[in-house]
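J.: kindly generate the corresponding structure for this input.
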Amino acid sequence: MNYIAAKSLLVPVAKPQPPAQPKKLKLYKPTTTKLKLTSKALEKPKETQAVIKRGQAPVKPVYSTAQLYNALQARESGGEKNKFIRTRLRKTPGGSSAYGPVQITGTLAKDYLKRYPKLFNPKEQKYLQDFIAQSKLFLHHGNMKGKLADYNPIYDYGGVGHLNTSASRRLYPQVANKIIGHAYGQGKQDLSKFIRRWRGKSRKETPKYYADIERNLNYYGVPQNMIKRNAADDTIRMQFIGKKGNIKGEVSAEIADNLSKRRIGLSGRAFLPEGRGMFFDKIAAFWMKDVNFPLDLIFLDKVGAILEQQHMPINEPNTPQTLYMSKSAGAVHAIELPAGQYEKYNLYVGDIVKVAKNIFYSL
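T.: Just a heads-up that it's a prediction; the model follows:
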């Protein structure tokens, strides 16, 4: 463009352009030349390179045994105060023998004890034998009130059976998790195959049941093979340091750092593995509502020193909840560990809990 001066302003004046020439059309000629994928072609564009690398089928979600147990429990006995009961579904005389938090049937227990006895230790095998015997009593007494001379209501629908002791309640999740893990693995971690094995019916027969389990799994966390966040965002590594500076043990603890997490705590879970725990940034009264395993409760001061330890057994059904509170004035934090871990790590009052994160007030 040229510019001319007018009242101290530069005004652009466009040059006259020659008339546009018509473009010649190029005829398409098919080619038989084979395309070659060179390293240069992989470099640009970057998006293409990513597509090439990720051009496989979507990743199938893989769930942990604990997630499956929790999802089943929420579906089968989530609304029950005492989860160790026979199913309440009354359809036919005898009917279902399903029992407990995840409603294991006598048929499933018998099948696993017969086909996979080595999956269970001697105590668990004995429990399964008793479980099968109880299932037979369920089928004998179901819907038979007033019809049997030896009728016993504990074996009717909603009954507690005779495996409702503390020892039996500890064995139930152990056995259930072994069956769940094995059945899930046998189905090559295919959720539909697992549910069909557990339920005994197809998705077409009970679509709501399948949908409920899938919904519950979404609630209980991301599939184990799809967790992308840093584990340190949700857990902390804790070391127990003795008075001489020696390391007595180490655990990975979840952080209960808000009201919702503190209220839920470890309730509703199948079990808590050794080496795991839960850290509470604030303390009040603790109880064992809906907790399926005994715990060690450790109270700490503001610098992480152990002040006291209390044992919290499983709360017996239909009994008042016991409240556990610190007797030490300086208690600020608390840790819950599987029962026996306090003794295992040989911990004492005055030992220090050292963490990688700055969670103690004075650190």
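
J.: would you map out the domains in this structure?
T.: Residue ranges for the domains of the chain, per automatic domain parsing: 65-226, 231-355.

J.: show me where the stretch 251-363 of the chain has its helices.
T.: Applying DSSP state H, counting those that start in this stretch to the stretch 251-363 of the chain gives helices spanning 259-264, 341-344.

J.: buried deepest among the ones you listed, which one?
T.: Ranked by mean neighbour count under mean count of other C-beta atoms under 10 Å, those are led by helix 341-344, which reaches a mean of 17. Placement of C-beta: from N, CA and C, glycine included.

J.: what is it packed up against?
T.: Where contact means 3 or more C-beta pairs under 8 Å, 6 or more residues apart in numbering; DSSP states H and E, helix 341-344 is packed against strand 247-256, strand 295-300.

J.: only the buried residues of the longest one, if you could.
T.: By neighbour count with 16 or more other C-beta atoms under 10 Å, strand 247-256 contains the buried residues Gly249, Val251, Ala253, Glu254, Ile255, Ala256.

J.: ramachandran angles for Phe192?
T.: Just to correct that, residue 192 is Ser rather than Phe. Here is the backbone geometry of Ser192 (degrees, to the nearest 10): phi -60, psi -40.

J.: what residues are up against the residue lying closest to it once chain neighbours are set aside?
T.: Leaving aside its sequence neighbours, Ser192 sits nearest to Arg203 (C-beta to C-beta, 6 or more residues apart in numbering; 6.0 Å). Applying C-beta atoms under 8 Å, 6 or more residues apart in numbering to Arg203 gives the contacts Ser192, Ile195, Arg196, Tyr210.

J.: what helix or strand is the residue nearest in space to the middle of the chain on?
T.: In the chain, the C-alpha nearest the mean C-alpha coordinate belongs to Gln67, at 3.3 Å (C-alpha atoms, centre = their mean). For Gln67, the host element (DSSP states H and E) is helix 65-77.

J.: show me the contact partners of that helix.
T.: With contact meaning C-beta under 8 Å, 6+ apart, helix 65-77 is reached by 63, 83, 85, 98, 100-103, 173, 176-177, 180-181, 184, 194, 198, 209, 212-213, 216-217, 219-221, 223-224, 268-271.

J.: Gly268 versus the residue nearest to Ser192, what's the distance?
T.: 26 Å (C-beta to C-beta, to the nearest Å).

J.: where does the stretch 1-150 of the chain dip in pLDDT?
T.: 1-59, 90-94 (pLDDT under 70).

J.: do the stretch 251-363 of the chain as well
T.: Applying pLDDT under 70 to the stretch 251-363 of the chain flags the ranges 356-363.

J.: do a quick rundown of the helices in the stretch 51-200 of the chain.
T.: For the stretch 51-200 of the chain, helices defined by DSSP H, counting those that start in this stretch occupy the ranges 65-77, 106-115, 122-141, 166-186, 191-199.

J.: tilt between the first one and helix 166-186?
T.: Using axes from the mean of the first three to the mean of the last three C-alpha atoms, to 10 degrees, one finds that helix 65-77 and helix 166-186 are set 110 degrees apart in direction.

J.: ok, back up a step: which of the contacts of helix 65-77 count as buried?
T.: Buried residues within those, defined by neighbour count using 16+ other C-beta under 10 Å: 63, 83, 85, 98, 100-103, 173, 176-177, 180-181, 184, 194, 198, 209, 212-213, 216-217, 220-221, 223, 268-271.

J.: could you find the closest non-adjacent residue to Ala176?
T.: Among residues not flanking Ala176 along the chain, Val102 sits closest, at 5.3 Å (C-beta to C-beta, 6+ apart).

J.: got the end-to-end distance for stretch 261-272?
T.: 16 Å (C-alpha to C-alpha, to the nearest Å).

J.: hmm, I was thinking of stretch 184-199
T.: Stretch 184-199 has an end-to-end distance of 13 Å (C-alpha to C-alpha).

J.: quick one: contacts of that stretch?
T.: Residues outside stretch 184-199 that contact it (C-beta under 8 Å, 6+ apart) are 60-63, 65, 68, 72, 108, 180, 183, 202-203, 206, 209-210, 213-214, 217.

J.: before we move on, back to that, the residue nearest to Ala176 contacts Asn177, doesn't it?
T.: No: using C-beta atoms under 8 Å, Val102 is not in contact with Asn177; the gap is 9.2 Å.

J.: list the contacts for Leu272?
T.: Leu272 makes contacts with Leu266, Phe293, Leu295, Leu337, Pro338, as judged by C-beta under 8 Å, 6+ apart.

J.: among those, which are in strands?
T.: Mapping those onto strands (DSSP state E) picks out Leu295, Leu337, Pro338.

J.: can you lay out the residues you listed as TSV showing distance to His311 and neighbour count?
T.: Formatted as TSV, those follow (distance: C-beta to C-beta, whole Å; neighbours: other C-beta atoms under 10 Å):
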residue	distance to His311	neighbour count
Leu295	8	27
Leu337	11	25
Pro338	11	20
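
J.: looking at those residues, which one is closest to Lys289?
T.: For the ones in strands among the contacts of Leu272, the closest approach to Lys289 (C-beta to C-beta) belongs to Leu295, at 12.3 Å.

J.: now do the contacts for that closest one.
T.: Shown in contact with Leu295 (C-beta under 8 Å, 6+ apart): Leu266, Leu272, Met288, His311, Met312, Glu336, Leu337, Pro338, Ala339.

J.: now with 10 Å?
T.: With contact taken as C-beta atoms under 10 Å, 6 or more residues apart in numbering, Leu295 is in contact with 265-266, 272, 277-278, 286, 288, 310-314, 324, 335-342.

J.: please consider this matter closed, and thank you.
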